[in-house]
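# Here is the input, now give the coordinates:
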Amino acid sequence: MIDFIDKIRENIPTLELQVEQPLSKFTSFRIGGNAQCIALPKTEEELSNLLKLSNQLDITTAILGAGTNILAPDEGIRGLVICLKDCLDGMERIGDTVIRVMAGVTMSRAALFAASQGLSGLEFAHGIPGSIGGGVFMNAGAYGSEIKDVCTRVRIVDRQGNCRWLAYDEIAFSYRHSAIQENNWIVVAAEFGLQPKAEEEIRERIRELKSKRAASQPLDMPSAGSAFKRPVGGYAAALIEQTGLKGFQVGGAAVSEKHAGFVVNLGGATAADVKSLLHQVSDRVYENTGIRLEPEVRIW
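All right, here's what the predicted structure looks like:
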């Protein structure tokens with residue numbers, strides 16, 4: 001099985017590879033067994049060549065950004081994990097009100113870069129603990145704003161290694177969803193159309209949202225952010241709290257006492273613990289309210 005790793009090294013000698021690394025190091029839940037091989041492509045060309053080679057060698061591949069919305073399996077993953085966080089890196093202003101950001105840049109860094117340019121619109125993204133690639137992929141949002149409100153076009157690579165730009169209409173954004181998910185594409189970069197504003201005003205809004213998050217969310221504990229999607233007719237956290245499940249625990253996983261919409265790792269939680277907890281919470285909320293909660297966490 002190690003054969004494909006040698007072939008990648010032969011064909012793409014510049015590509016950084018890590019072998020048998022625990023996925024718990026790469027996910028905010030701090031959960032997950034070993035990945036057989038993790039690749040860290042630094043350029044679009046390396047990523048494209050790696051995908052082409054993976055197809056030729058018939059290697060199973062999984063894509064990881066900042067790992068902030070992923071529940072990785074306890075048994076780990078055989079095959080190849082392609083990690084883009086801090087790899088596809090770089091930001092630039094390309095017009096009066098447009099910035100281009102590579103997929104591996106964190107949402108927080110992108111928001112601060114926009115602020116430094118006197119451009120408003122990404123303030124909401126500052127506290128979302130993920131990468132631009134992941135944020136675009138799932139149309140991340142917070143405090144009444146979403147990526148779809150500011151993203152104007154996206155550069156993607158398909159699983160055959162072909163790169164192209166998607167126009168806004170092709171992205172087909174909807175709640176926590178995009179056409180990028182449906183087509184199994186990988187985000188390489190995104191462009192954002194923003195509004196001019198005084199830098200200090202933008203930074204003040206970022207500070208305000210940061211304070212709100214710190215006051216209401218369990219930022220000091222491993223989690224994957226909001227555990228459930230917002231259901232029609234309510235809010236997940238309110239429904240969970242109403243059902244009496246704040247603090248509900250399965251093994252090392254628990255519904256946060258601070259914010260019922262978060263599932264946290266109390267220490268030593270397994271993926272099985274989290275999955276069992278998510279199922280039980282969903283079932284009990286449904287029994288109590290008639291509303292079915294669906295996980296926002298992506299379960300590998």
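# Go through stretch 51-69 and flag the buried ones.
Residues 51-54, 59, 61-69 are the ones in stretch 51-69 that count as buried (16 or more other Cβ atoms under 10 Å). The way it works is simple: take the backbone N, C-alpha and C, and place the C-beta from them, glycine included.
# would you turn those into CSV with pLDDT and secondary structure?
Output for the buried residues of stretch 51-69, formatted as CSV (pLDDT from 0 to 100; DSSP: H, G, I helix; E, B strand; the rest coil):
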residue, pLDDT, secondary structure
51, 95, helix
52, 95, helix
53, 95, helix
54, 94, helix
59, 90, coil
61, 91, strand
62, 92, strand
63, 91, strand
64, 89, strand
65, 84, coil
66, 81, coil
67, 85, coil
68, 83, coil
69, 86, coil
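# all strands for the stretch 101-250 of the chain, in order.
For the stretch 101-250 of the chain, the strands defined by DSSP state E, counting those that start in this stretch cover 119-120, 141-142, 145-146, 151-157, 163-167, 186-193, 195-196, 223-226, 249-250.
# Identify whichever of those strands lies nearest to residue 104.
Judged by Cβ to Cβ, the one of the strands of the stretch 101-250 of the chain that comes nearest to residue 104 is strand 186-193, at 9.4 Å.
# neighbouring strands for that closest one, and are they parallel or not?
strand 98-102 (antiparallel), strand 151-157 (antiparallel) (DSSP bridges).
# Pretty sure residue 46 sits against residue 12.
Yes. At 6.2 Å, residue 46 counts as touching residue 12 under the criterion of Cβ atoms under 8 Å.
# how about low-confidence regions in this protein?
Across the chain, the ranges flagged by pLDDT under 70 are 1-2.
# Which residue lies nearest the spatial centre of it?
Nearest to the mean C-alpha position of the chain, by Cα atoms, centre = their mean, lies residue 134 at 3.8 Å.
# list the contacts for that residue?
With Cβ atoms under 8 Å, 6 or more residues apart in numbering as the criterion, the residues that contact residue 134 are 65-66, 68-69, 140, 187.
# Recalculate using a threshold of 10 Å.
63-70, 84-85, 103-104, 106-107, 128, 140, 147, 187, 298 (Cβ atoms under 10 Å, 6 or more residues apart in numbering).
# which residues does residue 99 bridge with?
Here residue 99, judged by DSSP bridges, has bridge partners residue 93, residue 192.
# My read is that it contacts residue 113, right?
Yes. Using Cβ atoms under 10 Å, residue 99 is in contact with residue 113, at 6.7 Å.
# Now for those two: what residues contact both?
Shared contacts of residue 99 and residue 113, defined by Cβ under 10 Å, 6+ apart, are found at 91-93, 119, 122.
# Dump these to a markdown table, plus neighbour count and distance to residue 217.
Output for these, formatted as a markdown table (neighbours: other Cβ atoms under 10 Å; distance: Cβ to Cβ, whole Å):
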| residue | neighbour count | distance to residue 217 |
| --- | --- | --- |
| 91 | 18 | 26 |
| 92 | 12 | 31 |
| 93 | 16 | 31 |
| 119 | 23 | 26 |
| 122 | 29 | 19 |
